[in-house]
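In: quick one, structure for this:
(chains A and B)
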Amino acid sequence: MSLAVLQWLTDPWAQSLGRRALLEVGLLGVAGGTLGCWLVFYNLAYSAESLAHSLLPGLVGAALLGVPLLLGGAAGLLLGAVAVALAGRIEGIGRDTAVAVVVTALLGLGVLLALSPETPAGLQGLLFGDVLGVTDTDLALAGGLVAVLLLALRLGHHRLLIVGFDRLSAPALGVRPFGVDVALLVGLAAALLVAVQGLGNLLVVAVLIAPASAARLLTRRMPAMLAASVAIAILGGVGGIYLSYHAGTAAGASIAAVLVAVYLVAAGAGGLRRTRTA
Amino acid sequence: MSLRVTGLTVGYGGAPALVDIGFEVRAGQRVAVLGPNGGGKTTLFRTLLGQLQPVAGTVEARGRFAVVPQTERSRLDFPVSATDVAVMGAVSRLPWWRPPGRAERAQASSALAQVGLADQAERTFGDLSGGQRQRVLVARALVQDAPVVLLDEPFTGLDAQSAERLEALLGDLAAEGRTLLIATHDVGHARRWDQVLCLNGHQIAFGPPLTTLTRPVLEATYGADIVDVDCPDHGAERAILPAHHHDHAH
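Out: Predicted coordinates for the structure are as follows:
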């Protein structure tokens, strides 16, 4: 390998800034890749998007108070998770409408807070993320959250399978769908908190949905899908940082773009395979 | 006694959907649950499973219930094998922190072998035929090891050969001493089983098919909407069927 290529590959990680970004991308990939698989089968992509937007007031609040963003987002987000779970159960107005009301209210509140004179500058970082700006505290908190999330997903794996497979029969198998829904939404909240620093609350959905959707097209079993999804999420994140570093584009947007590109390639490959076997 | 239901009345807030149901079933009996759509079959099953609270009456059972739902209710695009689905039956027995392991998978394998699907155990559930999927769900109920199994129209959409296989399997389960409640539209099946429960908002009749499946009972169950058909399989014997149901066995 020529020196130039090697340099091209190693340059982004030469400084601690880059190395922290790499770690952040890894955490983001593990959290988003695993949880995303369940979101896809529970039709929660829209809820994920909504929750991501609804945590803005928490982030802005944290910026105002000078506490870690991760803690700031948590309070508003847990509230949002429960609100979405409850709103989905209101009969008559429909889940989509209920969620939209919850979310626009919270996003609006966040923007209002961000426009107040006391808020430090940086609304853009909150909306689009700043993968190169994470601190060691942010990373440590994110690492802890990811560990808890993975443990919860492991323990809940079979219950998630049962409810996702056939929600109506789940109670007869000893599993309460409502409990599983709430747990999944709380897990989603945790994943969003990890991912929002890197990707911001407008782009975070990319890492939750694109890798899982691509993995679903390429695999036939849940464990394989989880593994493929994490691999795609991490590779997409790393690829996005290269793109950002060498093309001078915004990091969060580059990662989102690479992830969506991977999904499109997988969709193409899946389509080809189907036409060949058909 | 395996299952005893006494004076059971169930409603969804408004008018009761089922009124004054009472019957008793011994272990090893197959009970056909007949009735029109909306006649209370699903309501009865959901009450037995504890998902609906009765307004009045009691249910006494020897042990837990397992349920075999209709296969089209499950997600056919779900990335699970037949074994994965059968293993689901073991989850309720395990403490919350213990995932199913080797013992549970072995149990699932032997249940799949019992329903004649040992060679399909690693195939994706959604790739199996309707009859095979139905048998996987029966295997899941076997893993649950419940003495009473509720089957929700298990013959719907099956071709004649699959239906025959499934019926033989139900015979085996009954011979093991399990009690089966089978919601069905097929009066022909009901005639071959041990008991018949006819529902249409209330209990029309309960008893052995020979004495229970009379024309007045069927008329009360399905309304006047029944027709006579010649049954080539049964020679001179004529079957009385609900008008909309003699077409789905093909």
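In: all contacts plus neighbour counts: C-alpha atoms, from now on.
Out: Will do.
In: what mean pLDDT does the host helix or strand of B:Ala103 get?
Out: Per DSSP states H and E, B:Ala103 falls inside helix B:102-114. The average of the pLDDT scores along helix B:102-114 is 95.
In: chain center to that helix: distance?
Out: 22 Å (C-alpha atoms, centre = their mean, to the nearest Å).
In: list the contacts of residue 70.
Out: Answering for chain A, as no chain was given. A:Leu70 is in contact with A:Leu59, A:Asp138, A:Leu141, A:Ala142, A:Leu193, A:Val194, A:Gln197, counting by C-alpha atoms under 8 Å, 6 or more residues apart in numbering or on different chains.
In: my bad, the chain I had in mind was chain B
Out: B:Gln134, B:Asp152, B:Glu153, B:Pro154.
In: now, the residues you listed that are in helices?
Out: Among the contacts of B:Gln70, DSSP state H puts B:Gln134 in helices.
In: format the contacts of B:Gln70 as TSV; extra columns: pLDDT and neighbour count.
Out: Formatted as TSV, the contacts of B:Gln70 follow (pLDDT from 0 to 100; neighbours: other C-alpha atoms under 10 Å in any protein chain shown):
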residue	pLDDT	neighbour count
B:Gln134	93	25
B:Asp152	92	20
B:Glu153	91	20
B:Pro154	92	24
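In: which one (most neighbours) among the contacts of A:Leu70?
Out: Neighbour counts for the contacts of A:Leu70 (other C-alpha atoms under 10 Å in any protein chain shown) peak at A:Leu59, which has 32 neighbours.
In: can I assume that residue is in contact with A:Gln124?
Out: No - with contact defined as C-alpha atoms under 8 Å, A:Leu59 does not count as touching A:Gln124 (11.8 Å).
In: how far away is the closest residue to A:Ile255 other than its chain neighbours from A:Pro68?
Out: Spatial nearest neighbour of A:Ile255, chain neighbours left out: A:Gly240 (3.9 Å); criterion: C-alpha to C-alpha, 6 or more residues apart in numbering or on different chains. To A:Pro68, A:Gly240 is 25 Å away according to C-alpha to C-alpha, to the nearest Å.
In: could you do A:Ala266 as well?
Out: A:Ala266 is 37 Å from A:Pro68, by C-alpha to C-alpha.
In: who has more neighbours, these two?
Out: Neighbour totals were compared for A:Ala266 and A:Pro68, and A:Ala266 leads with 19 against 15 (other C-alpha under 10 Å).
In: element containing that one?
Out: Secondary structure assignment for A:Ala266, by DSSP H and E: helix A:251-277.
In: gap between that helix and the chain center?
Out: 18 Å.
In: list the buried ones in it?
Out: A:251-260, A:262-263, A:266-267, A:270 (16 or more other C-alpha atoms under 10 Å in any protein chain shown).
In: quick one: is stretch B:5-22 near chain A?
Out: No - using C-alpha under 8 Å from any C-alpha of the partner chain, we find that stretch B:5-22 stays clear of chain A, coming within 15.1 Å at best.
In: read off the pLDDT value for B:Pro242.
Out: At B:Pro242, pLDDT is 61.
In: hmm, I was thinking of A:His53
Out: So, for A:His53, pLDDT stands at 83.
In: neighbours around it, how many?
Out: 28.
In: which other helices and strands contact whichever strand or helix holds it?
Out: A:His53 belongs to helix A:45-54 when assigned by DSSP H and E. If you count contacts as 3 or more C-alpha pairs under 8 Å, 6 or more residues apart in numbering or on different chains; DSSP states H and E, helix A:45-54 packs onto helix A:69-87, helix A:95-114, helix A:177-203, helix A:205-218.
In: and those: which comes nearest B:Leu8?
Out: Nearest of the helices and strands packed on helix A:45-54 to B:Leu8, taken as C-alpha to C-alpha: helix A:177-203 at 26.6 Å.
In: what average pLDDT does that closest one get?
Out: On average, helix A:177-203 scores 84.
In: pick out the residue closest to the middle of chain B.
Out: B:Leu151 (1.7 Å; C-alpha atoms, centre = their mean).
In: where's that one relative to chain A, distance?
Out: 12 Å (C-alpha to the nearest C-alpha, to the nearest Å).
In: ok, what's across the strand from that residue?
Out: B:Val68, B:Ile182 (DSSP bridges).
In: for it, report the pLDDT, please.
Out: Residue-level pLDDT assigned to B:Leu151 equals 95.
In: is the residue nearest to A:Ile255 in contact with A:Ala257, as I believe?
Out: Yes - A:Gly240 lies in contact with A:Ala257 (C-alpha under 8 Å); the separation is 7.4 Å.
In: can you give me the strands in chain B?
Out: B:3-11, B:16-25, B:30-34, B:56-61, B:65-68, B:148-152, B:179-183, B:195-199, B:203-207, B:226-230, B:238-242 (DSSP state E).
In: redo those as CSV? Include distance to A:Arg19.
Out: Shown next, in CSV, are the strands of chain B (distance: least, C-alpha to C-alpha, whole Å):
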stretch, distance to A:Arg19
strand B:3-11, 63
strand B:16-25, 65
strand B:30-34, 66
strand B:56-61, 63
strand B:65-68, 53
strand B:148-152, 57
strand B:179-183, 62
strand B:195-199, 69
strand B:203-207, 72
strand B:226-230, 76
strand B:238-242, 72
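In: worst mean pLDDT among those?
Out: strand B:238-242 (a mean of 56).
In: what's the local residue count around A:Leu3?
Out: Around A:Leu3 there are 8 residues (other C-alpha under 10 Å).
In: do B:Gly40 as well
Out: Neighbours of B:Gly40 using other C-alpha under 10 Å come to 24.
In: same question, the one 5 residues further on
Out: When counting by other C-alpha under 10 Å, one arrives at 20 neighbours for B:Phe45.
In: now swap in the one 3 residues further on and tell me
Out: Applying the criterion other C-alpha under 10 Å, we find 21 residues in the vicinity of B:Leu48.
In: what parts of chain B come near chain A?
Out: So far as C-alpha under 8 Å from any C-alpha goes, chain B lies against chain A at B:49, B:51, B:65-67, B:69, B:73-75, B:78-81, B:88-89, B:91-92, B:96-100, B:124, B:144.
In: select only the buried ones of these in ChimeraX?
Out: When burial is assessed using 16+ other C-alpha under 10 Å, the buried subset of the residues of chain B next to chain A is captured in ChimeraX by this command:
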select /B:49,65,66,67,69,74,75,78,79,80,81,88,89,91,99,100,124,144
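In: among the residues of chain B next to chain A, which are located in helices?
Out: B:Gln144.
In: flag the shaky bits of chain A, pLDDT-wise.
Out: Applying pLDDT under 70 to chain A flags the ranges A:1, A:81, A:119-122, A:276-278.
In: got the residues of chain A near chain B?
Out: Residues of chain A lying near chain B (C-alpha under 8 Å from any C-alpha): A:41, A:155, A:157-159, A:162, A:164-167, A:169, A:171-175, A:219-222.
In: quick check: the residue of the stretch 1-150 of chain A nearest chain B.
Out: Residue nearest to chain B within the stretch 1-150 of chain A: A:Phe41 (7.7 Å; C-alpha to the nearest C-alpha).
In: is that residue in contact with A:Gly164, as I believe?
Out: Yes - with contact defined as C-alpha under 8 Å, A:Phe41 counts as touching A:Gly164 (6.4 Å).
In: what is the helix holding B:Ala103 packed up against?
Out: helix B:82-87, helix B:130-144.
In: of all those, which one is nearest B:Gln107?
Out: Closest among the helices and strands packed on helix B:102-114, once you apply C-alpha to C-alpha, is helix B:130-144, at 6.4 Å.
In: and the residues of chain A next to chain B, which are buried?
Out: Using 16+ other C-alpha under 10 Å, the buried ones in the residues of chain A next to chain B are A:41, A:157-159, A:162, A:164-167, A:169, A:171-175, A:219-220, A:222.
In: go through these and flag which are in helices.
Out: A:Phe41, A:His157, A:His158, A:Arg159, A:Ile162, A:Gly164, A:Phe165, A:Met222.
In: for the second one, list the residues it contacts.
Out: Residues near A:His157 by C-alpha under 8 Å, 6+ apart: B:Pro99.
In: distance of it from A:Ala183?
Out: 12 Å.
In: cool, thanks, signing off.
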